[in-house]
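Novice: have a look; sequence and predicted model below, questions after that.
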Amino acid sequence: MIQLAKEMNAEVVLADEEEVREGAEERGFDVREGSGILLVSVREF
């Protein structure tokens, strides 16, 4: 997942797994969990 995000020049990675979140954060990505996406959506609506 992290490699794909790099290839796509993504700024945000969506991940619920702790290991994936930590790895993505270490590589400079903004990481969101499923519940985080819902919160952002509700705030912006």
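Specialist: That came through fine. These numbers were taken from a predicted model, which means no experiment stands behind them. Numbering: from 1, shown residues only.
Novice: okay, CA-based contacts and neighbour counts for the rest of this
Specialist: OK.
Novice: name the element residue 31 belongs to?
Specialist: strand 30-32 (DSSP states H and E).
Novice: not counting the helix or strand that that strand is followed by itself, show me its contacts.
Specialist: Sequence-wise, the next helix or strand downstream of strand 30-32 (DSSP H and E) is helix 34-44. Outside helix 34-44, the residues that touch it by Cα atoms under 8 Å, 6 or more residues apart in numbering are 14-16.
Novice: among those, which are in helices?
Specialist: Among the contacts of helix 34-44, no member is found in helices (DSSP state H).
Novice: out of these, which end up buried?
Specialist: Among the contacts of helix 34-44, the ones that count as buried by 16 or more other Cα atoms under 10 Å are 14-15.
Novice: burial count for residue 1?
Specialist: 11 (other Cα atoms under 10 Å).
Novice: contacting residues around it?
Specialist: Counted by Cα under 8 Å, 6+ apart, residue 1 has contacts residue 20.
Novice: let's go with 7 Å and repeat that
Specialist: With contact set as Cα atoms under 7 Å, 6 or more residues apart in numbering, residue 1 has no partners.
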